[in-house]
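Enquirer: need a structure here:
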Amino acid sequence: MVAGMAAAGGRRRWWLNRTAMVVVWVVVSVGIWVGLHWYIRTVSMRKAEEALESMCEERARMLQDQFAVSVNHVHALAILVSTFHYRKQPSAIDQETFAFYTAKTAFERPLLNGVAYAQRVVHSERGKFESQQGWTIKTMKQEPSPVQDEYAPVIFSQETVSYIEALDMMSGEEDRENILRARATGKAVLTNPFRLLGSNHLGVVLTFPVYHAGLPADATVEQRVEATAGYLGGAFDVESLVENLLRQLAGNQDIMVNVYDVTNISEPLIMYGPQNPDGFMPLSHVSMLDFGDPFRKHQMVCRYSQKPPIPLSAITTPSGVFVICMLAGYILYAAWTRYDNVREDCRKMEELKVQAEAADVAKSQFLATVSHEIRTPMNGVLGMLDMLLDTDLNLTQKDYAQTAQICGKALIALINEVLDRAKIEAGKLEIEAVPFELRSILDDVLSLFSSKSREKGIELAVFVSHKVPEIVTGDPGRFRQIITNLVGNSVKFTEHGHIFVQVHLIENSNKVMDAKVDTDLNGCLSDMMVPSDGTFNTLSGLEAADRRNSWENFKLLLSDEMPQSDKCKSGMPCSKDSSNVTLMVSVEDTGIGIPLQAQDRVFTPFMQADSSTSRNYGGTGIGLSISKCLVELMGGQINFISRPNVGSTFTFTAVFQRCKKIAGGDPKRTLSESLPTKGMKALLVDARPVRSAVTRYHLQRLGITVEVASTIKMTLNALSEQNGCLRSGKHPYILLIEKDSWTPGMDVYLHDQLLEWKQCGQIPEVPKVILLVTSESDKAKVGSFVDTVIMKPLRASTVAACLQHALGMGKQGRKEMPNGPAFLHSLLAGKNILVVDDNKVNLRVAAGALKKYGAKVECAESGKDALSLLQLPHKFDACFMDVQMPEMDGFEATRQIRLMESKANEQNKCGEADEGSERAEWHLPILAMTADVIQATYEECMKCGMDDYVSKPFEEQQLYQAVARFLLSKPNSDL
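Expert: From the prediction side, this is the model:
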């Protein structure tokens, strides 16, 4: 609970941190938007300011230029007056001439409202001047000018300013100052701005001095005053000047212009523009104006009429960057969230993994417990039944006991299948790599189903190509399991016809690939022509599901391998290009087939063809699933072709290693040469070529030369034509006849014919007549002159035994198998065996099985009892130790035993051993004896120091394999 609360608190903190990060990211993004917007606006305002400055400077320069042009024209007019009025006697200029000239040249002075010339008149010359002009000098107020030192009355004027004629320019204070400054400096001077008469525009008056001729360039002020003749003035309309200028320039509507006289900076005088400026005041520019008057200062102030608009980029660019930031934040947020989710998923997966591993361990423990709990009583049941069958029983009692034993073994087989499936799912099933004889395993599998096939009367046969090595390296137990599953299914679902097992090298057949391509033919009708008699060239004459297993293809395989069998007498393939050999095994039957709708789930565990299959035929549906997994572990593939009501053919491949050197020589040669049948000649009568090839294969394994005839009549004709000899020129010792070729009374006819030939000297002796039958009911056809009957399925051992009996060889050449009862008895006789098991029934079973072979058995019911009996020195040669026991289990007991032995061996090396405990080295063979057969238990057995593993219930073969490795070379003197 505390961990849960801590985890919940951690998640809340995590969400708070995430929320804070999101808020910070949004705030930063908004800050970036604001900063970028401000930067772009600042740049835009700077550019607007630069544009305003450029426009203002341009307007100021143009205004100065135009003003300078007007001043130059006034200067030129002043020179004209000086030249033609004062140097000409009489004067060449009068009012009419001046007015006409200035009117005609007014276009050169567009900024001037008019020009006028005022003559300098001293007081002493006033009377004379007034008499000459015919008018009196007046002030600006149109009053007679008072007496003063000098006057400056206007004598010439342009028509536009004719109203100032006779006015004394020096009567005004400001005009007087301008006149005095102009004659003193010799330059044009300006007045303060004022309203012009007539237009009421703001303007200024320009005053320019006119000197008499002969004034030096560097004249002093006194000289200038003395040389002054008059004054030329003009009225400038500043408003019109600026208006005309702005009209000439584009974009004048964007800015507003004010022109000021800033001679008195504290009280600037406006020359152009509104008295109260408007527009966008924060952004303005001031340009200084130079109108040529050194005593006055002017400036132009420019500003935008409106605030410069915010550029679109100031909105779009920050917004785009904001969107990008938000997208980046979303991506980071999503990635962060995804990372956290993945991390959380990984954490959950780790938890689930731990749970799954715990569940797997629990499952393994459950399987071990269930297996042990089921096998333990089954061990007692089967052991007691086995001991019961060794007693004297009547037929009924023996039948009951055998039936119970068969059922018990079936239950053990089912348990083994379930455990195999669990091992496969856990990935703990390993494939062994030991040399084994492939043909012997196939014979053993056929022997398992021989009684069932005889009951049903079906042909059960196996054929192995001569190119397949006699000995290969692989896992014989798993190979046997696959064959047993496939053949068992075929026997279960086949009521008539045949079951045919073939083994070939993969390089001699393309059946694997063809099977993959032709799986879509499952359930389809064969396009082969049905023979007129309704039979096919197959083992039993019934149609097979896979038409590629026809006699034509089988004959090609036989013809391809026959030369090889002649050249490679050792049974090993001549080709040694690879250390691996890939076998293709097919199991063909003529059973009920597999329905089309069920074919896609054939290899699914615990699935059967339909709901009625398990009821009619039994089974769990796990065998094919296990077989498929085992085939894949062997590096192969499995597939099938099935047609309902025709049969099924299962084909699989498996990869084995070639075994070049076999201890004890060539097994095939040993088998054929150890029997007296080697070198015999036989004549086989069989109308079916496939079946005759299979019979020939088994006889050739025994070293018998075989020739085949289709019918008995053809056989007799052939013998009579060749003087009783075969095509090889030798007389046959054996005449084997298939049941199909046998008819009632044929034995008498055949015996009489052969006896007659012997009496005539055509044959040295009458060959032995042997009938090959499939079922017990076929024995009814046997006549009195048939020497023996061989019951199918054919196996090398059964055929050899029958031939020895028919030829009167008794048991000559027949040897006890090395793991038979007699050898096992010699191995265990006199040996001291300790059996440790907490179950008394299992103790009785194990002790009885060991005592059966002459062993001296002592029993212990716990690990502690075993330790007390095994205190060194002890007399025991081996110990069978149960794994699961109370107080002290078999693992701990074994560890204690190994610890005692280790200490004793160390003492022996150091010379400290007791006199009674002297021995080369103590190591008691300890064999685990348990009903738990999973891989984990086996690994634990090996880890704690056990030597081998025996699963309950154990049989004769298993017991031999367990003890032979430890007791085979140990003499009884060691007891």
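Enquirer: so how far is the lengthiest helix in the chain off the chain centroid?
Expert: Ranked by residue count and defined by DSSP state H, the top helix of the chain is helix 2-81. Helix 2-81 sits 53 Å away from the centroid of its parent chain (CA atoms, centre = their mean, to the nearest Å).
Enquirer: just the buried residues of the following helix or strand past that helix, please?
Expert: Proceeding N to C from helix 2-81, the next assigned helix or strand is helix 95-104, under DSSP states H and E. Neighbour counts over helix 95-104 (16 or more other CB atoms under 10 Å) mark 98-99, 101-102 as buried. Every residue, glycine included, has its C-beta placed from N, CA and C.
Enquirer: tell me the angle of the longest helix of the chain relative to helix 95-104?
Expert: Counting by axes from the mean of the first three to the mean of the last three CA atoms, to 10 degrees, helix 2-81 lies at 150 degrees to helix 95-104.
Enquirer: now helix 2-81: average pLDDT?
Expert: Helix 2-81 shows an average pLDDT of 81 in the prediction.
Enquirer: picking up where we left off before, mind giving me JSON lines with the buried residues of helix 95-104 and columns for pLDDT?
Expert: Formatted as JSON lines, those follow (pLDDT from 0 to 100):
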{"residue": "Phe98", "pLDDT": "89"}
{"residue": "Ala99", "pLDDT": "89"}
{"residue": "Tyr101", "pLDDT": "90"}
{"residue": "Thr102", "pLDDT": "89"}
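Enquirer: so what's His201 closest to, chain neighbours aside?
Expert: Using CB to CB, 6 or more residues apart in numbering and skipping the chain neighbours, the partner closest in space to His201 is Glu239 (4.2 Å).
Enquirer: the one you found: neighbour count?
Expert: The criterion is other CB atoms under 10 Å. On that basis, Glu239 has 19 neighbouring residues.
Enquirer: other SSEs contacting whatever helix or strand it lives in?
Expert: Taking DSSP H and E as the definition, one finds Glu239 inside helix 238-248. Helix 238-248 sits against helix 2-81, strand 202-211, strand 255-261, strand 269-272, with contacts defined as 3 or more CB pairs under 8 Å, 6 or more residues apart in numbering; DSSP states H and E.
Enquirer: what's the third one packed up against?
Expert: The reference is to strand 255-261. Checking 3+ CB pairs under 8 Å, 6+ apart, strand 255-261 ends up next to helix 2-81, helix 238-248, strand 269-272, strand 298-304.
Enquirer: list the strands paired with that strand, with their directions.
Expert: Here strand 255-261 has these sheet partners by DSSP bridges: strand 269-272 (antiparallel), strand 298-304 (antiparallel).
Enquirer: pLDDT score assigned to Gln619?
Expert: For the record, residue 619 is Gly, not Gln. For Gly619, the model assigns a pLDDT of 55.
Enquirer: please apply the same query to the one 4 residues further on.
Expert: With respect to pLDDT, Gly623 scores 80.
Enquirer: is it true that it touches Ile483?
Expert: No - the pair Gly623 / Ile483 is not scored as a contact, 11.4 Å apart, by CB atoms under 8 Å.
Enquirer: hang on, isn't Leu684 packed against Ser692?
Expert: Yes - with contact defined as CB under 8 Å, Leu684 counts as touching Ser692 (5.8 Å).
Enquirer: what sits in contact with each of those two?
Expert: 708, 738 (CB atoms under 8 Å, 6 or more residues apart in numbering).
Enquirer: next one: the closest residue to Glu495 other than its chain neighbours relative to Lys492, how far apart?
Expert: Leaving aside its sequence neighbours, Glu495 sits nearest to Lys456 (CB to CB, 6+ apart; 6.1 Å). Distance, Lys456 to Lys492, using CB to CB, to the nearest Å: 10 Å.
Enquirer: go through the helices and strands packed on strand 255-261 and name the closest to Ile737.
Expert: Closest to Ile737 of those, according to CB to CB: helix 2-81, at 84.3 Å.
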